[in-house]
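*Asks:* Generate a structure from the sequence data that follows.
(one chain, ligands or ions: 1)
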Amino acid sequence: MPEMLSVPAGGGNGLRLKRGEQLRIIDVEGGQTGDLVAISEDGAHRLSSGRTFDYGGTIYVSTGNVLWSDRSSPMLTIVRDDVGRHDLLYAPCSLEMYRMQYGVTGYHANCYDNLCSAFRTLGIEPEPLPSSLNFFMNANVAADGRLSFSPPKTYVGASMVLRAEMDLLIALTSCPASTCNAGAPTRPLGFEILSD
Ligand SMILES: [Zn+2]
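*Replies:* Numbers count the residues shown, from 1 in each chain. I've put the predicted structure just below:
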């Protein structure tokens, strides 16, 4: 059995994924969204939501969809998805976002800082951060283009599995934005690296 690792509630974690290895992200307590950012180990490729929309022909990715790099190479393929709804539109929440949209005056935990810290522990400078896969986040686009959030469809024990198509550095964060988590307190996420 692979070792279950943790993304702390409202925090981040980083990992290396070799080509062919699979990353399983687990919603341990249910209803928790998070962000994933991938950068190739050599730093040349960065996750691109725009390329992913173009080559996949959809803004909603699930099993079988590929996450593409800014240089048009496959980075990750979703090989299993219990949830079926994720977001690739929004940038990771940031301190500026909490200040502008929620009136926060002091520091607020945020995905942007978590992702940057996770990459720095892996030895790479990530800024400016590329696109993120906001897994389990349930964002809706109305016909007129308006955006809204619905409660995430994820549940206790739900997971998604992504296969690396190149050697990758990956940062994960457990999103502390309660609006993305149906107003619930932030909870931890789990992950495993599967080598077969
Ligand atoms: Zn966030």
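
*Asks:* in terms of contact, does Asp70 touch Pro130 like I think?
*Replies:* Yes - at 6.7 Å, Asp70 counts as touching Pro130 under the criterion of C-beta atoms under 8 Å. Quick note: C-beta positions are derived from backbone N, CA and C, even for glycine.

*Asks:* Tell me the helices and strands packed up against the lengthiest helix in the chain.
*Replies:* Secondary structure of the chain per DSSP state H: the longest helix is helix 111-121. Applying 3 or more C-beta pairs under 8 Å, 6 or more residues apart in numbering; DSSP states H and E, one finds that helix 111-121 makes contact with strand 12-17, strand 34-40, strand 168-174.

*Asks:* That helix vs strand 34-40, what angle?
*Replies:* 40 degrees (axes from the mean of the first three to the mean of the last three C-alpha atoms, to 10 degrees).

*Asks:* pLDDT averaged over helix 111-121, what's the number?
*Replies:* Averaged over helix 111-121, pLDDT sits at 98.

*Asks:* Offset the numbering so it begins at 896, please.
*Replies:* Shifting the count to begin at 896 puts that one at helix 1006-1016.

*Asks:* Does the ion have contacts with the helix or strand just after that helix?
*Replies:* Per DSSP states H and E, the first helix or strand lying C-terminal to helix 1006-1016 is strand 1028-1030. No - judged by C-beta under 5 Å from the ion, strand 1028-1030 and the ion are separated, with a smallest distance of 7.6 Å.

*Asks:* Distance from the chain centre to strand 1028-1030, please.
*Replies:* In terms of C-alpha atoms, centre = their mean, to the nearest Å, the centre of strand 1028-1030 is found 3 Å from the chain centre.

*Asks:* List the neighbouring strands of the next helix or strand after that strand plus their orientation.
*Replies:* Sequence-wise, the next helix or strand downstream of strand 1028-1030 (DSSP H and E) is strand 1033-1036. Take DSSP bridges as the rule and strand 1033-1036 pairs in its sheet with strand 1042-1045 (antiparallel).

*Asks:* For the following helix or strand past the partner strand, give me every contacting residue.
*Replies:* Next along the chain after strand 1042-1045, taking DSSP H and E as the criterion, comes strand 1054-1059. Contacts of strand 1054-1059 from elsewhere in the structure, counted by C-beta atoms under 8 Å, 6 or more residues apart in numbering, are 912-922, 931, 962, 970-978, 981, 1030-1031, 1089.
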